[in-house]
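Engineer: below are the sequence and a predicted model; questions follow.
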Amino acid sequence: MTGANLAALTQNNLKRLLAYSSIAHVGYMLLGLIALASVDYPSPAFFDGFKGILLYLLVYTFMNLGAFAVVTSLRRREVIGDEIDDIAGLFSRAPIESILMLIFLLSLAGIPPLAGFYGKYFIFLSLIESGHYVLASLGVLYAVFGLYYYMRIANAIFMREAMDKTRLPLSAAMGFALGITAFGTVVIGILPEQFIQAVNHAVYWSLGIVKTSPIASLMR
Amino acid sequence: MPPSGEDSTGKKSVLVQLAKYSQLAFIFPAATFAGWLIGTGLDHWLHTTWLYLLGLILGIVAGFVELIRTVTSSESK
């Protein structure tokens, strides 16, 4: 996590930054694994650690697919290259994609009320419940690092001047893809109860406490 | 006929491009999770308690190597 955060902090290459940040996100999931592996089953830290890992995997899929969909959409139209400088002033050219990218970045950084917050919340909760206060503090510190390098991207999009002012229309297919990922990122954050219950069910099912699979229970 | 994954203009289809980019985000978590899962499965099968850790470490190393390879290969193209 330390190496990944330091590498991401110094990156000016958008793809590399997002790739290195994925290592940091796996680090958070492994913190949940440390918490659940260090306590006896059953205990609150065990369940919260397990729940945190599963929830993190779920929200990570939505927010990262969304962020990479924005990058893909812009790359496809040859609007941007690989550097953060290439997206300077994007808000004036593609406001919808810019706002969605901001949502994905804030969620990746773990800012409430977006989905990424709840993944981190249960991981930190499990670390505190299992007595790993130093790891929990480091996790929070690295979340601040994450906020800094994600906000560098947002700063380029919203605060800097665009070289080319041409408006960029959003295709229907990409708009649909971005809509689904943004919906997941925002709805899990604003209405987390339903998703937390589904994750709880998945935890109980994988531990053999309940017999109906999470998918079967969702279909009911 | 254009190669698989390319449209009539020779550009890669949006799904192929999205897959190529999102690979950067998912390759490391997927390898780590797969390593842990295989290790945990072996622990259950062989009645051991440490293979999950070995699987996890191997998954992390494999994911890291593949991530760096993907980043460097996509930049050299």
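Structural biologist: Received the coordinates, thanks.
Engineer: which of the helices or strands spans the most centrally placed residue in chain B?
Structural biologist: Centre of chain B computed as the mean C-alpha position; nearest residue by C-alpha atoms, centre = their mean is B:Ile27, 3.1 Å away. Following DSSP states H and E, one finds B:Ile27 within helix B:14-46.
Engineer: same question, A:Arg167
Structural biologist: Secondary structure from DSSP H and E places A:Arg167 outside every helix and strand.
Engineer: likewise the one 3 residues further on?
Structural biologist: Using DSSP H and E, no element contains A:Leu170; it sits outside every helix and strand.
Engineer: what does it show for phi and psi?
Structural biologist: In this entry, A:Leu170 is assigned phi and psi values of phi -100, psi 130 (degrees, to the nearest 10).
Engineer: skipping adjacent residues, who's closest to it in space?
Structural biologist: Here the nearest residue to A:Leu170 in space, its sequence neighbours aside, is A:Ile96; by C-beta to C-beta, 6 or more residues apart in numbering or on different chains that works out to 5.6 Å. (Each C-beta comes from the backbone N, C-alpha and C, glycine too.)
Engineer: what do you get for A:Gly175?
Structural biologist: Skipping the residues right next to it in sequence, A:Gly175 comes nearest to A:Ile96 by C-beta to C-beta, 6+ apart, at 7.5 Å.
Engineer: check which helices and strands the helix or strand in which the one you found is found sits against.
Structural biologist: Taking DSSP H and E as the criterion, the element that holds A:Ile96 is helix A:95-109. Packed against helix A:95-109 by the contact rule (3 or more C-beta pairs under 8 Å, 6 or more residues apart in numbering or on different chains; DSSP states H and E) you find helix A:44-76, helix A:90-93, helix A:115-129, helix A:133-159, helix A:172-190.
Engineer: to B:Ser73, which of those helices lies closest?
Structural biologist: helix A:44-76 (16.1 Å; C-beta to C-beta).
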